[in-house]
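# Quick check, what structure comes out for this input:
(chains A and B)
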There are 2 protein chains.
Amino acid sequence: MEFKDLIAYQQAFERYLEKQQLVQGYPSSLYEPIGYIMALGGKRIRPVLTLLAHKLFDHQYARALPQAMAVETFHNFSLMHDDIMDQATTRRGGPSVHHQFGINAAILSGDAMLIMAYQYLVRDLTQDQLISALSLFSSTALDICRGQQQDMDFEKKDLVSIEDYLAMIRNKTAVLLGLSMSLGAIVGGADAGSVVAMKQCGESAGMAFQIHDDYLDAFGQTNKTGKKRGGDIIQNKKTFLWLMACNLGGERIREELISISHNQNYNSEAKVNRVLEVYRSLDIESQCQNRQRQYTDEAINALNQVNAPDSAKQQIFDLMALLLARNH
Amino acid sequence: MEFKDLIAYQQAFERYLEKQQLVQGYPSSLYEPIGYIMALGGKRIRPVLTLLAHKLFDHQYARALPQAMAVETFHNFSLMHDDIMDQATTRRGGPSVHHQFGINAAILSGDAMLIMAYQYLVRDLTQDQLISALSLFSSTALDICRGQQQDMDFEKKDLVSIEDYLAMIRNKTAVLLGLSMSLGAIVGGADAGSVVAMKQCGESAGMAFQIHDDYLDAFGQTNKTGKKRGGDIIQNKKTFLWLMACNLGGERIREELISISHNQNYNSEAKVNRVLEVYRSLDIESQCQNRQRQYTDEAINALNQVNAPDSAKQQIFDLMALLLARNH
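Numbers count the residues shown, from 1 in each chain, chains lettered A, B, ... in the order given. Have a look, this model is predicted:
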């Protein structure tokens, strides 16, 4: 996908978002936090995927704007509530909502956004589309709650299996990309088989992106963004890399990694250096690349099964390639 | 309505609720708080209203059980989140969810319940019913968020107008009764005019109940429940009575009431006694009764406009009378 295409879809979404005038709602104390988080931006990958998926089946991609808005509103609702639970004070370079407006505002405005997401979801759908869109949306939304709970449960454990970790990231992040794409397909009038394949494509791509994210934190080029290398290591996050190292390194390495994660007096730099040394000695980089490739192949195979012109599919392949080529 | 009728509907709902096996979900840390709050019970007024409303149009009231479950699940979601915001440590005699399971669990399990409410809402509906049920449910759910926000905003103010107070309780509590009744009507196949009338009936009844609640806190018989008289006064709540007294009492009384509410050293008993004295001197009791009667009449008139047999309507009148005859 050429970069200008991505920008065109992003802009179409931003224009639609602006027209909603979210901050105009009453009482303003409820709507201000909603307008605030929605305006923080981000790459709008999920709504763009909905529009691109829709375009496989129907040229007028603007028809899927309400459903693109539904996934982006849902995504930002979950960020708003997750930030409270994770006690995150920043979000996309600004203060997180609960840090800026208080916890009560972040709870209640988040609730309102979840309801608004349903309002956008059902807008302008035919009755057949309505039933599949609702069923898919609700079951995915519940999976995402499950994923966040699994993530919080994992934090209390020393170690989790790779299988449990993959199940967690599938729920917490991958299924929302699957939903974004399958909703676009539903609105575009895709056949049931293609809707399932689009869901699979988005979900597998989501798994690849998450593993890529884990990888970048340890091995990405940090000079481009000024982001500190090894943030996940400093925060003792159980990433794919860390769990893989525990798995492959044998008992001695596993015990060392767990002990490092418990040791609050460890110097951050020394900690990052030692863990990266372990990753390198076990060639965890290749493990990431292999797993990422496997999920990317799954996504490509799924998209190839969709009944749509190859030229339209190319845009989705290009966007996936762009996201997986990030090195920072 | 005879008491045994109410019990029969309550039991039908309880049986349906038990069959859902809410606590069996995975991960249990997400579903346990849901099972906990749903099992705390209460009178199940909202789901019973859905079943009774449905019975006006269709004898098989069990058909509306999923929608009855939707309103009760939504109601408990909002209690779960409101208790966090209001820092309430108890709920129906037990610990509140966030007090028992932690704030994060109460946020996330509440989110899951809101999603589950939508899943129950759309279950077994025809496509026409689906569209009206969804539109009504989402707009009511947003109104309820607005009401909770208005309530929190009011706490920061010395005084609000009676009009603003009534708008707040309409959003925060009355519209959910309107939704409960209109959903039952929709599932029962009511005509559009009857659906609107049922909504109006539930909403007006909800206003009457809330004013009755405010009244009971000051003038109810406390020996029957062991509940302390004047809890609202001790907590400096802006109730219908307090605002009416500020309105009718002139500047001197208004200033005294505001000053009492600010004075943290005031002895609780002395505070309750003085405020009750003010209420009595202004005959606030009659103000409550008049307003309650006005809303009850509105509810009755609305129900009379519904195209349904009088015998079925009588059950709803009886339930309303039962709830408004509470003196504790």
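
# Run through the stretch 151-300 of chain A and note the low-pLDDT ranges.
Across the stretch 151-300 of chain A, the ranges flagged by pLDDT under 70 are A:222-227.

# Taking it, what residue is nearest to chain B?
residue A:153 (5.6 Å; CB to the nearest CB). Bear in mind the C-beta positions are built from the backbone N, C-alpha and C, glycine included.

# tell me the angle the host helix or strand of that residue makes with helix B:127-155.
Residue A:153 is part of helix A:127-155 when elements are defined by DSSP states H and E. Taking axes from the mean of the first three to the mean of the last three CA atoms, to 10 degrees, one finds that helix A:127-155 is oriented at 50 degrees with respect to helix B:127-155.

# Buried residues in helix A:127-155, which are they?
Using 16 or more other CB atoms under 10 Å in any protein chain shown as the test for burial, helix A:127-155 gives A:129-134, A:136-138, A:140-154.

# and what of stretch A:80-91?
Buried residues in stretch A:80-91 (16+ other CB under 10 Å): A:80, A:81, A:82, A:83, A:84, A:85, A:86, A:91.

# Which two of the residues you listed have the greatest separation?
A:85 and A:91 (13.1 Å; CB to CB).

# these two touch, right, residue A:274 and residue A:259?
No - look at residue A:274 against residue A:259 with CB atoms under 8 Å: they stay out of range, at 10.9 Å.

# Which one's more surrounded, these two?
residue A:274 (16 against 11; other CB atoms under 10 Å in any protein chain shown).

# and that one, helix, strand or coil?
helix (DSSP: H, G, I helix; E, B strand; the rest coil).

# Likewise for residue A:158?
coil.

# That one: what's it in contact with?
Neighbouring residues of residue A:158 by CB atoms under 8 Å, 6 or more residues apart in numbering or on different chains: residue A:258.

# And it, its phi and psi?
When quoted as degrees, to the nearest 10, the phi and psi of residue A:158 stand at phi -70, psi -40.

# closest to residue B:102 among the buried residues of stretch A:80-91?
When the buried residues of stretch A:80-91 are compared for distance to residue B:102 (CB to CB), residue A:85 wins out at 9.7 Å.

# hang on, isn't the closest one packed against residue B:106?
No - in this structure, residue A:85 is not within contact of residue B:106 by CB under 8 Å, at 10.3 Å.

# Test my guess that residue A:177 contacts residue A:46.
Yes - at 6.6 Å, residue A:177 counts as touching residue A:46 under the criterion of CB under 8 Å.

# more crowded one of the two?
residue A:177 (28 against 24).

# Secondary structure class of that one, three-state.
Per three-state DSSP, residue A:177 ends up helix.

# List the contacts of it.
Here residue A:177 is in contact with A:45, A:46, A:49, A:202, A:203, A:205, A:206, A:209 (CB under 8 Å, 6+ apart).

# Assumed residue A:190 was part of a strand.
No - secondary structure of residue A:190 (three-state DSSP): coil, not part of a strand.

# Leaving out chain neighbours, which residue sits closest to it?
Closest residue to residue A:190 apart from its sequence neighbours, by CB to CB, 6 or more residues apart in numbering or on different chains: residue A:57 at 4.9 Å.

# Also residue A:285?
residue A:219 (6.0 Å).

# Contacts only, for residue A:71.
Here residue A:71 is in contact with A:46, A:47, A:50, A:117, A:176, A:179, A:180, A:183 (CB under 8 Å, 6+ apart).

# Let me see the ranges of the helices in the stretch 101-250 of chain A.
A:103-121, A:127-155, A:162-169, A:175-187, A:192-219, A:231-234, A:240-248, A:250-262 (DSSP state H, counting those that start in this stretch).

# The first one - what's its average pLDDT?
On average, the pLDDT along helix A:103-121 is 98.

# and that helix with chain B, contact?
Yes - using CB under 8 Å from any CB of the partner chain, helix A:103-121 reaches chain B at A:103, A:104, A:107, A:108, A:110, A:111, A:112, A:114, A:115, A:116, A:118, A:119.

# ranking the residues you listed by neighbours, who comes first?
residue A:110 (28 neighbours).

# Only the buried residues of the host helix or strand of residue A:285, if you could.
Using DSSP H and E, residue A:285 sits in helix A:284-304. With burial defined by 16+ other CB under 10 Å, the residues of helix A:284-304 counted as buried are A:284, A:287, A:288, A:291, A:292, A:295, A:296, A:298, A:299, A:300, A:302, A:303.

# which non-adjacent residue is nearest the second one?
Distances taken as CB to CB, 6+ apart put residue A:244 closest to residue A:287, at 5.0 Å, once the chain neighbours are dropped.

# before we move on, what about the fourth one?
Leaving aside its sequence neighbours, residue A:291 sits nearest to residue A:211 (CB to CB, 6+ apart; 5.5 Å).

# So which residues on chain A come close to chain B?
Close to chain B, as judged by CB under 8 Å from any CB, chain A has residues A:26-27, A:29-30, A:81, A:84-85, A:103-104, A:107-108, A:110-112, A:114-116, A:118-119, A:122, A:127, A:130-131, A:134-135, A:138-139, A:141-142, A:145-146, A:148-150, A:152-153.

# Show me the shaky parts of the stretch 1-150 of chain A.
Ranges of the stretch 1-150 of chain A meeting pLDDT under 70: A:1-3.

# ok, which stretches of it are strands?
A:90-91, A:94-95 (DSSP state E, counting those that start in this stretch).

# who's in contact with the last one?
Identification of contacts with strand A:94-95 by CB under 8 Å, 6+ apart yields A:40, A:89, A:100.

# do that again at 6 Å, thanks
Strand A:94-95 has contacts (CB atoms under 6 Å, 6 or more residues apart in numbering or on different chains) with residue A:40.

# Walk me through which strands that strand pairs with, and which way each runs.
strand A:90-91 (antiparallel) (DSSP bridges).

# okay if I get the strands of the stretch 1-150 of chain A as CSV plus distance to residue A:324?
What follows is the strands of the stretch 1-150 of chain A, written out as CSV (distance: least, CB to CB, whole Å):
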stretch, distance to residue A:324
strand A:90-91, 24
strand A:94-95, 27
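
# and of those, who's closest to residue A:312?
Of all the strands of the stretch 1-150 of chain A, it is strand A:90-91 that lies closest to residue A:312, at 33.6 Å by CB to CB.

# chain center to that closest one, what's the gap?
Chain-centre distance of strand A:90-91: 16 Å, with CA atoms, centre = their mean, to the nearest Å.

# can you list contacts of that strand?
Here strand A:90-91 has contacts from A:83, A:96, using CB under 6 Å, 6+ apart.
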